[in-house]
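Next comes the sequence, and after it the predicted model I'd like to discuss.
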Amino acid sequence: MKKSISVLTAAVLAASVLTACGGNGTEAATASTSAAASDTGSETKAEAEGEDAKEAEETTAAAGELKKIIVGASPAPHAEILKAAKEVLAQKGYELEILEYMDYIQPNLALESSDLDANYFQHLPYLESFNAENGTKLVSAAAIHYEPFGIYAGKTTSLEELADGATVAVPNDTSNEARALLLLEAQGLIKLKEGADLTVTKNDIVENPKNLNLYEVEAAQIPRVVEDVDIAVINGNYAIEAGFKVSEALAVEDSESIAATTYGNVVAVREGHEKDENIVALVEALTSDEVKAYIEETYEGAVVPLF
């Protein structure tokens with residue numbers, strides 16, 4: 001009997017021990033699994049952070065590799081168009097810095113002295129005239145767009161109402177004045193000598209039935225004197241800057257006129273640098289589909305792409 005009790009007691013103790021071991025084994029397994037999961041999570045997080053850091057470093061490195069190109073421009077539309085080309089240029093490896101000028105002289109002088117890589121504000125006849133007058137050696141790398149010249153109302157609200165002796169503001173530089181005279185002739189307000197081209201001056205007027213008084217003003221200043229004259233002939237970019245709309249003009253250049261086909265606004269560079277890598281990239285960006293869409297959507301005919 002004692003032997004049976006001893007055996008039974010031993011069996012109970014053994015079962016208790018086994019039960020206790022079973023409980024500890026489950027907790028240990030759970031702890032082990034949790035630790036493993038924790039370690040795996042830490043490793044995954046560390047790897048992700050490492051990849052993010054690597055990508056950030058690569059982005060920073062790429063940004064650091066951008067080569068700067070400095071371009072001078074009039075505020076509108078040229079600087080605005082250049083801003084639209086910034087992203088395209090960045091994809092080509094260039095950071096575009098735009099310096100804005102309020103006149104037609106300083107950006108060419110800055111380009112000639114190598115303070116700029118290029119400028120974008122003028123048409124070819126003006127550039128050629130500037131070279132002849134200043135001894136500079138600047139050339140066109142590409143024509144980008146043209147801006148229709150317009151006649152805008154001042155004291156007089158229509159061309160039909162122009163009185164005898166009315167005052168007309170026109171640009172005072174050679175090429176832009178010729179363009180203004182051709183537009184006035186196209187409206188029947190004056191008549192120029194036979195064979196008149198883009199070199200005409202007011203001395204080439206052979207008929208002036210209304211005895212119009214031509215008031216010569218620096219092109220950039222004409223919008224400021226509009227209220228003081230009867231009508232004003234204004235360059236497209238200066239009209240845009242001053243808030244004039246082509247749709248409100250009394251007359252604009254015909255898209256097929258000699259002026260429109262000649263006065264494309266160009267990217268100017270120093271002679272011999274037309275094919276430099278940075279200039280080629282600049283021209284490609286300015287003639288991209290993205291920039292063309294921007295011009296057409298933004299200016300509604302006041303600026304016309306030539307590509």
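Cool, got the structure. Residues are numbered from 1 along each chain as shown.

which element follows the lengthiest strand in the chain toward the C-terminus?
For the chain, the longest strand by residue count, based on DSSP state E, is strand 138-146. Counting by DSSP states H and E, the next helix or strand C-terminal to strand 138-146 is strand 150-153.

packing partners for the longest strand of the chain?
Packing partners of strand 138-146 (3 or more C-beta pairs under 8 Å, 6 or more residues apart in numbering; DSSP states H and E): helix 106-112, strand 118-123, helix 124-134, strand 265-270, helix 277-286, strand 304-305. (Glycine included, C-beta is placed from N, CA and C.)

Which one of the ones you listed lies nearest to E253?
strand 304-305 (10.2 Å; C-beta to C-beta).

How about residues contacting that closest one?
Strand 304-305 is contacted by residues I144, H145, Y146, E147, P148, S255, A260, V291, K292, I295, E296 when judged by C-beta atoms under 8 Å, 6 or more residues apart in numbering.

Hmm, A260 and the fifth one touching each other?
Same thing as P148. Yes - if you go by C-beta atoms under 8 Å, P148 and A260 touch, sitting 6.6 Å apart.

In terms of neighbours, single out the busier of the two.
The residue with more neighbours, out of P148 and A260, is P148; 23 against 19, by other C-beta atoms under 10 Å.

List the contacts of that one.
With C-beta under 8 Å, 6+ apart, P148 has these contacts: G236, V246, V252, E253, S255, A260, G301, A302, V304.

cool, and E253?
P148, F149, G150, R179, L183, A186, A259, A260.

Dump the residues you listed to CSV, plus distance to A76 and pLDDT.
Below are the contacts of E253 laid out as CSV (distance: C-beta to C-beta, whole Å; pLDDT from 0 to 100):
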residue, distance to A76, pLDDT
P148, 15, 90
F149, 16, 93
G150, 15, 96
R179, 19, 93
L183, 21, 96
A186, 25, 95
A259, 20, 82
A260, 19, 79
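
Considering the residues you listed, which possesses the most neighbours?
Going by other C-beta under 10 Å, R179 tops the contacts of E253 with 28 neighbours.

hmm, back to that, who wins for proximity to N172 among the helices and strands packed on strand 138-146?
Short answer: helix 124-134, nearest of these by C-beta to C-beta, at 12.3 Å.

Mean confidence (pLDDT) on that closest one, please.
Per-region confidence: helix 124-134 scores 95 on mean pLDDT.

What of stretch 138-145?
For stretch 138-145, the per-residue pLDDT averages 97.

repeat for stretch 197-213
Mean predicted lDDT for stretch 197-213 stands at 95.

Give me the distance from it to the chain's centre.
Distance of stretch 197-213 from the chain centroid (C-alpha atoms, centre = their mean, to the nearest Å) equals 37 Å.

got the buried residues for that stretch?
Within stretch 197-213, the residues that count as buried by 16 or more other C-beta atoms under 10 Å are L198, V200, K202, D204, I205, K210, L212.

from those residues, which two are the most distant?
Across the buried residues of stretch 197-213 (C-beta to C-beta), the longest gap, 23.7 Å, separates L198 and K210.

Give me the domain ranges for this protein.
Split into domains by automatic domain parsing, the chain comes to 1-65, 66-147+263-305, 150-261.
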